[in-house]
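Undergrad: Sharing a model prediction with you, sequence too.
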Amino acid sequence: MVVIGNKSIKELIWEVISDKWDKSRTVLVKTVKMHPLYKKRFIVKKKYYMHDEANASKLWDMVKIRECRPVSKTKKRKFIEIVKA
């Protein structure tokens with residue numbers, strides 16, 4: 001979490017899985033959860049779309065992204081920096 005002004009904003013590091021569009025990227029989030037009854041771990045995968053104005057990130061880069069105002073119907077996050085190329 002990053003505090004900007006009086007708001008706390010999520011800032012996370014994720015992996016780019018698609019860079020086919022101009023100024024847009026798809027990132028994949030993997031979360032390990034445990035089943036409440038059977039206590040078995042399983043992986044939950046979720047895709048998010050982010051806005052990359054300079055087209056700086058490439059496929060399989062680890063990037064830091066931050067929540068922002070909606071840029072389009074699906075893009076609600078923006079690119080901050082490349083953590084690992």
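TA: Now that the structure is in, tell me what you want to look at.
Undergrad: got the buried residues for stretch 18-30?
TA: For stretch 18-30, a neighbour-count test (16 or more other CB atoms under 10 Å) marks 19, 24-27 as buried. The way it works is simple: take the backbone N, C-alpha and C, and place the C-beta from them, glycine included.
Undergrad: Give me the residues contacting that stretch.
TA: The contact list for stretch 18-30 (CB atoms under 8 Å, 6 or more residues apart in numbering) reads 12, 14-17, 43-53, 55, 57-59, 63, 65, 75, 77, 79.
Undergrad: The same query, at a cut-off of 6 Å, please.
TA: Under the contact criterion CB atoms under 6 Å, 6 or more residues apart in numbering, stretch 18-30 has outside partners 14-17, 43, 45-50, 52-53, 57-59.
Undergrad: try stretch 67-81
TA: The contact list for stretch 67-81 (CB under 6 Å, 6+ apart) reads 9-10, 48-52, 64-66.
Undergrad: These in helices, which ones?
TA: Of the positions in the contacts of stretch 67-81, not one sits in helices, assigned by DSSP state H.
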